[in-house]
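# sequence unknown, structure follows:
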């Protein structure tokens, strides 16, 4: 079973990657929101790791950034370490 801590760590890393990609294109929350039809406040929450999202939202974000969806997952995440109790 994946623990809540591991899920939280993944959401934070995903959010940081999204923020990095958005900023690399000099896009504000609102500009990205206009490009992908995701509310700007939701983008902020996603970047902070405070909002879990659906696959379709990931597709919209990738489209809004002009990227392949796999580029949103280009970060290191060790599920075995993140799922440890210690």
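Cool, got the structure. This one's a predicted model, so the numbers in the text were calculated from it and none came from an experiment.

# Same question for the longest helix along the chain: list its buried residues.
What stands out as the longest helix in the chain, according to DSSP state H, is helix 4-24. Judged by neighbour count (16 or more other CB atoms under 10 Å), helix 4-24 contains these buried residues: 6, 9, 10, 11, 13, 14, 15, 17, 18, 19, 21, 22. Glycine gets a C-beta too; all of them are placed from N, C-alpha and C.

# And the helices in this protein, which stretches?
4-24, 29-36, 40-47, 55-65, 79-82.

# Export those helices as JSON lines, with columns for distance to residue 71 and mean pLDDT.
Converted to JSON lines, the helices of the chain look like this (distance: least, CB to CB, whole Å; pLDDT from 0 to 100):
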{"stretch": "helix 4-24", "distance to residue 71": "7", "mean pLDDT": "94"}
{"stretch": "helix 29-36", "distance to residue 71": "14", "mean pLDDT": "97"}
{"stretch": "helix 40-47", "distance to residue 71": "15", "mean pLDDT": "98"}
{"stretch": "helix 55-65", "distance to residue 71": "7", "mean pLDDT": "97"}
{"stretch": "helix 79-82", "distance to residue 71": "20", "mean pLDDT": "67"}
